[in-house]
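Student: Build me a model from this:
(one chain, ligands or ions: 2)
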Amino acid sequence: MNPDILRERQNATFDIEKLTNILDGGAERTNRRREIREVLVLNDPDFDYGTPTSLPTMILKLREYGISDPVEINWYKSMYWGTGREALGLHYVMFLPTLYTQCDSEQFNKWVPLIIGTYAQTEMGHGTHLRGLETTATFDPATQEFVMHSPTVTSIKWWPGGRNPLFLPLIFLSIPLSASLFDLFLSGFALPTCSGIVIGDIGPKFGFDAVDNGYLKLEHVRIPRENMLMKYAQVKPDGSYVKPLSSKLTYGTMVFIRSLIVGNAGIVLSQCCTIAIRYSAVRHQSEIRAGEAEPQILDYQTQQHKLFPLLATAYAFLFAGQYMIDTYNRISGDINQGDLSEMPELHALSAGLKAFTTWTANTGIEVCRMSCGGHGYSRSSALPDIYVEFTPSCTYEGENTVMMLQTARFLMKSYRQVQAGQQLSGAVSYLNKVHHRVMAPQAVSSQLDLNLNTLVDLYEIRAAMLVELAAQSIQQESARGKCQEDSWNNSTIDLVRASDAHCHYMVLKMFRDKVDQIEDPGVHSVMSTLAHLYAIHGMGNFTGDFLQAGVLTGAQVPSVSKCLKGLLAEVRPSAVLLVDAFDHHDKMLNSVLGRHDGNVYEAMFEWARSSPLNRTEVHESFHKHLKPLQAKL
Ligand SMILES: CCCCC/C=C\C/C=C\C/C=C\C/C=C\C/C=C\CCC(=O)SCCNC(=O)CCNC(=O)[C@H](O)C(C)(C)COP(=O)(O)OP(=O)(O)OC[C@H]1O[C@@H](n2cnc3c(N)ncnc32)[C@H](O)[C@@H]1OP(=O)(O)O
Ligand SMILES: Cc1cc2nc3c(=O)[nH]c(=O)nc-3n(C[C@H](O)[C@H](O)[C@H](O)COP(=O)(O)OP(=O)(O)OC[C@H]3O[C@@H](n4cnc5c(N)ncnc54)[C@H](O)[C@@H]3O)c2cc1C
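Tutor: Ligands and ions are numbered 1, 2, ... in the order given. Just a heads-up that it's a prediction; the model follows:
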């Protein structure tokens, strides 16, 4: 083991295993995760690490081991495929959940155990604006079939992931039977027997190469009436249409995956922090004091400023992910029982947190890569691949700006309710104080109060202030004679800013609430320091907001920076231990820089030598091209 890494792991001030248990949701979950990793994957003789041919093996193994819990599926898949993406991701996170949530019982029993499929919603002309989708589904009572058709070039289904040329069960979103509703259809196509279908691949992408995203053009293709997913909406044999309790129930799968993406952003950021912080502990470069040995780059304050706030953010997002999926499970359970009262709040929370966490993690991955210098740019670090696989999450499952505006829509509605004298509950209850001016900025002391609860209050006031400013912008536009829609569009910069601040407050509050639940003194202390760092770093990035909210004075601004530097120094001794607690296995990280033993240089040389380019001392291209050319010169 590298001596630097060894030294970093001495004198731990907290129980790493206990922190790992907290991240997993308990010691039993940690044990189960490791059992899946060590026994069911790494020690499985059939396991041929991450090669495409092992995809069928993975499916059969999941069935053989009876793994059906979504999180356990993800544990198995992420061990099997490491930080890469595999072709069936969409099947597990969209196709199956749609069948689970949108099929009636007869359809469920008929389809769920048997098929692998994709989710074809986006069209060439519309991905965000679902009410603009053009694919039609016209019911023919004479044959009890739906006629599926792509009327325009922009209606061609574009992007369905995991499009398998031979077997194409897919979930459709199609223009419906009534103008404002969408309905889901299972195609049941088995190519090439069905005529009227044109499919293909949309071509090379930025990344996401393990997933073959395709296109699908339908020319009056007929599918049985029974292929409409009929849990919430039905078309009777006589063609009569039974509307769902809410047209937004059709959007349920997107809310589910957005909820998952919140925690996934934390996982991906924790992977990158593990790589960058372990590497920074073994990399020596330049000098701090002339004539002395080159220091670990982790001892540079700028390196700590790059990485430690991201480390705190990774923990914050992992805890936010736990809160999000618990909230999703609770509210979707109520929805399943017909109680839709919290569906708007679930949509607003999942949309906002999906955008907030993926935007932040996306930027953070690049910071981690650049903090590793040239070796970070090497594929051996795994950081370029992680970035390329993660960055589309800012676009898919709801483009982030649009998602932030959906959250803003909920915030504006809530603000109006407070203005009308209503008492709010739930995540927006802090807006009640805005109306009664309880939010009036406290007379801040000359010394910045660093209590975590105080910091949460300051973020709450900042969010409330920005919600009020956005609402006032809309009101001012209306007062200038703009229609409601133009008033909204002319305020969307303010609206996104308000949603971002709302999400930032929510994530800090979740982090603080999680820290409050930690009983072990050592773990509580280090987590409290990270939560402070998360809050103070955000205050440093958005100082203007806090000044504008009147909760920070110009005289206090220097103390924010001073406090930040102190917290960076406080985290330094525990940095490697804090990434060890994420418990990412070397095989899964697949990173020369992030190895648990820190033996980076030897591993990097072996990695380079294993390249096909180095299979021979002199590459064949010399003999084939250069030598004949030289002979002619
Ligand atoms: C089984 C699990 C295995 C384990 C997995 C574990 C971990 C994995 C982790 C993460 C996964 C990692 C990666 C992800 C994997 C795969 C992803 C790969 C590919 C991506 C696939 C896709 O992208 S599928 C396509 C996604 N497309 C979208 O998201 C479309 C976005 N657009 C929309 O959602 C809508 O058009 C809209 C919301 C923007 C607007 O809808 P619209 O109908 O126009 O509504 P509005 O007019 O704006 O508002 C009216 C009203 O409705 C409310 N509302 C809107 N949406 C919802 C909703 N979903 N729920 C509830 N309510 C909704 C809105 O708030 C308004 O309400 P008010 O009138 O009251 O204000
Ligand atoms: C890797 C990847 C995999 C995918 N897999 C699938 C899949 O399996 N199945 C599937 O159905 N789809 C899939 N998609 C498609 C994806 O869901 C859409 O790309 C996504 O929903 C964004 O829609 P769009 O492409 O139409 O972007 P647009 O909405 O056209 O976005 C372009 C710009 O317009 C802005 N904009 C749009 N509407 C508004 C508004 N109301 N207010 C302000 N600004 C706005 C956006 O902010 C953005 O800046 C995938 C996409 C990617 C990248």
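
Student: does residue 198 sit in a helix, a strand or a coil?
Tutor: strand (DSSP: H, G, I helix; E, B strand; the rest coil).

Student: how many other residues sit next to residue 486?
Tutor: 13 (other C-beta atoms under 10 Å). Where C-beta positions appear, they are placed from N, C-alpha and C, glycine not excepted.

Student: Tell me which residue in the stretch 401-550 of the chain sits closest to ligand 1.
Tutor: Per C-beta to the nearest ligand atom, residue 409 is where the stretch 401-550 of the chain lies closest to ligand 1, at 4.6 Å.

Student: got the buried residues for the one helix or strand that residue maps to?
Tutor: Assigned by DSSP states H and E, residue 409 falls within helix 400-419. Applying a neighbour-count criterion of 16 or more other C-beta atoms under 10 Å, the buried positions in helix 400-419 are 400-401, 403-412, 414-415, 417-418.

Student: nearest to residue 625, of those residues?
Tutor: residue 400 (46.9 Å; C-beta to C-beta).

Student: where does the nearest residue to the closest one once chain neighbours are set aside fall, helix, sheet strand or coil?
Tutor: Nearest residue to residue 400, sequence neighbours excluded (C-beta to C-beta, 6 or more residues apart in numbering): residue 355, at 3.8 Å. For residue 355, the secondary structure call by three-state DSSP comes out as helix.

Student: Return the residues in contact with residue 355.
Tutor: Shown in contact with residue 355 (C-beta atoms under 8 Å, 6 or more residues apart in numbering): 394, 398, 400-401, 403-404, 407, 499, 503.

Student: shaky segments in the protein?
Tutor: Scanning the chain for pLDDT under 70 picks out 48-55, 83-86, 113-114, 163-194, 435-447.

Student: if I look at whichever residue of it sits closest to ligand 2, how far off is residue 9?
Tutor: Closest residue of the chain to ligand 2, C-beta to the nearest ligand atom: residue 127 (2.4 Å). Distance, residue 127 to residue 9, by C-beta to C-beta, to the nearest Å: 47 Å.

Student: ditto for residue 534
Tutor: Distance from residue 534 to residue 9, counting by C-beta to C-beta: 24 Å.

Student: ok, these two, which is more surrounded?
Tutor: A side-by-side neighbour count of residue 534 and residue 9, using other C-beta under 10 Å, places residue 534 first with 28 against 16.

Student: Could you report the neighbour count for the residue lying closest to that one once chain neighbours are set aside?
Tutor: Of all residues not flanking residue 534 in the chain, residue 312 sits nearest, at 4.1 Å (C-beta to C-beta, 6+ apart). Residue 312: 26 surrounding residues under other C-beta under 10 Å.

Student: how about residue 312, secondary structure?
Tutor: Assigned with three-state DSSP, residue 312 falls in the helix class.

Student: Residue 536 is in contact with that one, correct?
Tutor: No. Assessed by C-beta atoms under 8 Å, residue 312 is found out of contact with residue 536, at 9.5 Å.

Student: So what touches stretch 261-269?
Tutor: 78, 83, 310, 313-322, 324-325, 350, 353-354, 357-358, 360-361, 364-365, 386, 390, 393, 397.

Student: So which elements touch the helix or strand where residue 384 lies?
Tutor: Element membership of residue 384, judged by DSSP H and E, is helix 383-390. For helix 383-390, the elements it packs on are helix 252-282, helix 343-370, judged by 3 or more C-beta pairs under 8 Å, 6 or more residues apart in numbering; DSSP states H and E.

Student: highest average neighbour count across those?
Tutor: helix 252-282 (a mean of 26; mean count of other C-beta atoms under 10 Å).

Student: Report whether that one contacts ligand 1.
Tutor: Yes. Helix 252-282 is in contact with ligand 1 by C-beta under 6 Å from any ligand atom, via 254-255, 257, 260-261, 264.

Student: that older thread, give me phi/psi at the residue of the chain closest to ligand 2?
Tutor: phi -120, psi -50 (degrees, to the nearest 10).

Student: shouldn't it be in contact with residue 398?
Tutor: No. Contact between residue 127 and residue 398 fails when scored by C-beta under 8 Å: they sit 9.4 Å apart.

Student: more crowded one of the two?
Tutor: Shown here are residue 127 and residue 398; by other C-beta under 10 Å, residue 398 has more neighbours (25 against 18).

Student: Can you tell me the centre-most residue of this structure?
Tutor: residue 261 (3.0 Å; C-alpha atoms, centre = their mean).

Student: Tell me the spacing between it and residue 583.
Tutor: Taking C-beta to C-beta, one finds residue 261 at 21 Å from residue 583.

Student: Same check on residue 564?
Tutor: According to C-beta to C-beta, residue 564 and residue 583 sit 28 Å apart.
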